[in-house]
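In: what follows is a predicted structure for the sequence shown.
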Amino acid sequence: MALRPRYRETEEEDINVTPMLDVVFIMLIFFIVTASFTKETGIDVNRPSASTAEVKEQGNILVAITNDGEIWIDKRRVDPRALQANIERLHAENPKGSVVIQADTDSKNGLLVAVMDAARAAGIDNISLAAQPK
């Protein structure tokens, strides 16, 4: 007659996964905090070149003007009448942010002035025009 080991049915062996979950969440928070998010306008424009162009690290509100007269912010087309409201919303998210206008070489000057006027009406004085260095 063979003897079988007796196991108590009330005791179960569990693997404690709490420390592993803690490590995973800490790593997730680390990657989110250290990730650099690049803002884009959503459309490529042919920027004019300038010999006095300076490299700016990052503008917080990027506005693109195409040669067709379209205005793009955050990968979506914006109606010129709603431009000031969109800039105000983005400025409320980051009050220290600046506006960088990426106007196409063939875009209308009047539309550029309208975008600058909307940014100033939204309370932003730090406005830059994007150009490519020569």
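Out: Now that the structure is in, tell me what you want to look at.
In: show me where this protein has helices.
Out: With helices called from DSSP state H, the chain shows them at 18-34, 83-93, 109-121.
In: thought Ala119 was touching Val99?
Out: Yes - assessed by CB atoms under 8 Å, Ala119 is found in contact with Val99 at 4.5 Å. Quick note: C-beta positions are derived from backbone N, CA and C, even for glycine.
In: what do these two both touch?
Out: Common contacts of Ala119 and Val99 (CB atoms under 8 Å, 6 or more residues apart in numbering): Ile61, Val63, Ile87, Ile127.
In: nearest spatial neighbour of Asp106, skipping sequence neighbours?
Out: Nearest non-adjacent residue to Asp106, counting by CB to CB, 6 or more residues apart in numbering: Asn67, 3.8 Å away.
In: and the pLDDT for the one you found?
Out: Looking at Asn67, its pLDDT reads 87.
In: who does Gln102 bridge with?
Out: Beta-bridge pairing for Gln102 (DSSP bridges): Ala64.
In: check Pro133 too.
Out: Ala50.
In: how near is it to Ala50?
Out: 7 Å (CB to CB, to the nearest Å).
In: more crowded one of these two?
Out: When neighbours are counted by other CB atoms under 10 Å, Pro133 and Ala50 differ, and Ala50 comes out ahead with 13 against 10.
In: circling back to that earlier point, okay, the helices of the chain in a markdown table with distance to Asp74 next?
Out: Output for the helices of the chain, formatted as a markdown table (distance: least, CB to CB, whole Å):
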| stretch | distance to Asp74 |
| --- | --- |
| helix 18-34 | 20 |
| helix 83-93 | 8 |
| helix 109-121 | 14 |
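In: for those, which one sits closest to Ile73?
Out: Closest approach to Ile73 among the helices of the chain (CB to CB): helix 83-93, 5.5 Å.
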